[in-house]
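Enquirer: Sequence first, then the predicted structure:
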Amino acid sequence: MKKLFGVFFKAIMNFVYLFFKLLPVKNKVSFISRQSETPSLDFRLMIECLEKEYPEYEVSVLCKMIPDSFSGKLLYCFEFLKQMKALATSRVVVLDGYCILACMLKHKKDLKIIQIWHALGAFKRFGKSILDLDGGSSSETAEAFDMHRNYDFVACSGNACVGPFSEAFGQKKSDFIPIGIPRMDFLTDKKENEKLKNKIYSEYPSINNGRKNILYVPTFRDNDESRQQLREATRNLVNAVNYDEYNLIVKHHVVDSDKEQIYTDNASNEIEGESFVGMEFMSVADCVVTDYSSIIYEALLKNLPIYIYCFDSERYLDERGFYIDFYNDIPAVYSKTAKELIDKIERGEEADKEKIACFKKQYVNYDTNVAQKYASLIDMLIRNCYDGRYNYKPEGENG
């Protein structure tokens, strides 16, 4: 049934798209996302660089999440029309997630599509790696809607991520550009982080109290039982913190509630808001606690100690799986209970420095000016003179 619907939907969309393809192509770059209603940090950094370095190129931004309601989904058809126009009239399109039309439609031969996945680094299995498994799409749906097709380039943070991402996207390794992700520029920019720190302290002055800040960033749970476990584990962590020495910042996953909860004086003294993402809170954090979130890569770039609160690891690992050895590869300190975790933080236990350096070298190929590299790539693609300099090459062939 899904396959039949997919064939019908694809035929209708491509028929409508024919009329948009009659429009002339411009020297335009379009950024398309259904991850949020506003451009991501990666998009913003790339757009800023393009407008500064290549003002002759037109920039278009389409960011719209698919609503949950039936009426909202119907209205989203108008967004499809906007996306069709962007795809038909641009020379380069940049995505930060799965875009149905980018994958399903038959595009003009000169269009180049760059996929900059919203998660940094290879961690949890996703995409085509988990078809027909819990948390993944069915293979029938993936085939019907051409999941992850038509990408000319796929970004990733390091050479070691190419293999896992190749599996997840079903793309050749040579299609990957392991030059980092634009947000890496921001994460390592001391001036920008100082401004962000002041902004957070202005919003939440209570955490600017001289105590150390623990940032807890759990990943999304996709069923009621798992969500209940997460609520209990979070409450245990909130109760375990010594508020004479520490503040606790809990930042929920954007798909869950996107809430942030700040605890400073005691476990019941809670301030709640929705102003920052977990990565932004790192500017005021002294350590990062997570479970199965790829935010570990951002924490490594910030040189923050990582603690893994793996209270439900047996179940989560069995259901989802990882591209890396969860217990042995990650340079972090592990604990299954909140009390033990806080005890380790208080004792200053941290992962081995050599292990951290080795992991970063493999998975985070960060140099500098990542956004500039993407702007340069886009410029070369528009001028049809890209020489393959950023594409992945097996070890020993780079340079």
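Expert: Yes, it's here.

Enquirer: where in the protein is pLDDT low?
Expert: Along the chain, the parts satisfying pLDDT under 70 run over 1, 254-256, 258, 395-399.

Enquirer: can you list the domain ranges for it.
Expert: As recorded under automatic domain parsing, the domains making up the chain are 2-185+367-382, 189-363.

Enquirer: Show the end-to-end separation of the shortest one, please.
Expert: This means domain 189-363. 20 Å (C-alpha to C-alpha, to the nearest Å).

Enquirer: repeat for the first one
Expert: End-to-end distance for domain 2-185+367-382, by C-alpha to C-alpha: 37 Å.

Enquirer: circling back to that earlier point, and the domains of the chain as CSV, adding mean neighbour count?
Expert: Yep, even glycine has a C-beta here, placed from its N, CA and C like the rest. CSV is the format used below for these (neighbours: other C-beta atoms under 10 Å):
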stretch, mean neighbour count
domain 2-185+367-382, 18
domain 189-363, 17
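
Enquirer: TSV please, covering the ones you listed and showing distance to residue 392.
Expert: Shown next, in TSV, are the domains of the chain (distance: least, C-beta to C-beta, whole Å):
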stretch	distance to residue 392
domain 2-185+367-382	4
domain 189-363	14
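
Enquirer: and residue 388, which of those domains is closest to it?
Expert: Nearest to residue 388, of all those, is domain 2-185+367-382, at 8.7 Å by C-beta to C-beta.

Enquirer: Pull the distance from the closest one to the chain's centre.
Expert: 13 Å (C-alpha atoms, centre = their mean, to the nearest Å).

Enquirer: what's the answer for stretch 269-282, then?
Expert: 18 Å.

Enquirer: Report the secondary structure state of residue 60.
Expert: strand (DSSP: H, G, I helix; E, B strand; the rest coil).

Enquirer: Return the set of residues that bridge with it.
Expert: Counting by DSSP bridges, residue 60 forms beta bridges with residue 30.

Enquirer: how close does it sit to residue 27?
Expert: As judged by C-beta to C-beta, to the nearest Å, residue 60 and residue 27 stand 12 Å apart.

Enquirer: Spell out the residue ranges of the strands in the chain.
Expert: Using DSSP state E, the strands of the chain run over 28-33, 58-63, 92-95, 112-115, 153-155, 176-177, 212-217, 246-251, 260-263, 270-273, 287-290, 306-309, 333-335.

Enquirer: for those, which one sits closest to residue 47?
Expert: Of the strands of the chain, the one closest to residue 47 (C-beta to C-beta) turns out to be strand 58-63, at 5.6 Å.

Enquirer: for the stretch 201-350 of the chain, what spans make up the helices?
Expert: Assigned by DSSP state H, counting those that start in this stretch, the helices in the stretch 201-350 of the chain fall at 224-240, 278-281, 295-301, 313-319, 338-347.

Enquirer: Could you dump these into CSV and include distance to residue 102?
Expert: As requested, these are arranged in CSV below (distance: least, C-beta to C-beta, whole Å):
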stretch, distance to residue 102
helix 224-240, 31
helix 278-281, 25
helix 295-301, 25
helix 313-319, 29
helix 338-347, 41
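
Enquirer: surely residue 387 meets residue 376?
Expert: No. Assessed by C-beta atoms under 8 Å, residue 387 is found out of contact with residue 376, at 11.0 Å.

Enquirer: any shared contact partners between the two?
Expert: Residues touching both residue 387 and residue 376 (C-beta atoms under 8 Å, 6 or more residues apart in numbering): none.

Enquirer: Skipping its backbone neighbours, what lies nearest residue 86 in space?
Expert: Nearest non-adjacent residue to residue 86, counting by C-beta to C-beta, 6 or more residues apart in numbering: residue 30, 3.9 Å away.

Enquirer: Check residue 193 too.
Expert: Using C-beta to C-beta, 6+ apart, the closest residue to residue 193 is residue 283 (4.5 Å).

Enquirer: That neighbour is in contact with residue 197, isn't it?
Expert: Yes. Applying C-beta under 8 Å, one finds residue 283 in contact with residue 197, separated by 4.5 Å.

Enquirer: Tabulate the strands of the chain (JSON lines), appending distance to residue 102.
Expert: JSON lines is the format used below for these (distance: least, C-beta to C-beta, whole Å):
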{"stretch": "strand 28-33", "distance to residue 102": "7"}
{"stretch": "strand 58-63", "distance to residue 102": "11"}
{"stretch": "strand 92-95", "distance to residue 102": "6"}
{"stretch": "strand 112-115", "distance to residue 102": "6"}
{"stretch": "strand 153-155", "distance to residue 102": "13"}
{"stretch": "strand 176-177", "distance to residue 102": "17"}
{"stretch": "strand 212-217", "distance to residue 102": "29"}
{"stretch": "strand 246-251", "distance to residue 102": "30"}
{"stretch": "strand 260-263", "distance to residue 102": "32"}
{"stretch": "strand 270-273", "distance to residue 102": "34"}
{"stretch": "strand 287-290", "distance to residue 102": "30"}
{"stretch": "strand 306-309", "distance to residue 102": "34"}
{"stretch": "strand 333-335", "distance to residue 102": "39"}
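
Enquirer: Looking at those strands, spot the one closest to residue 391.
Expert: Comparing the strands of the chain by C-beta to C-beta, strand 176-177 comes nearest, at 5.8 Å.

Enquirer: Would you mind measuring from residue 168 to residue 194?
Expert: Noted for residue 168: a distance of 36 Å to residue 194, by C-beta to C-beta.

Enquirer: How about residue 115?
Expert: With distances taken as C-beta to C-beta, residue 115 is found 32 Å from residue 194.
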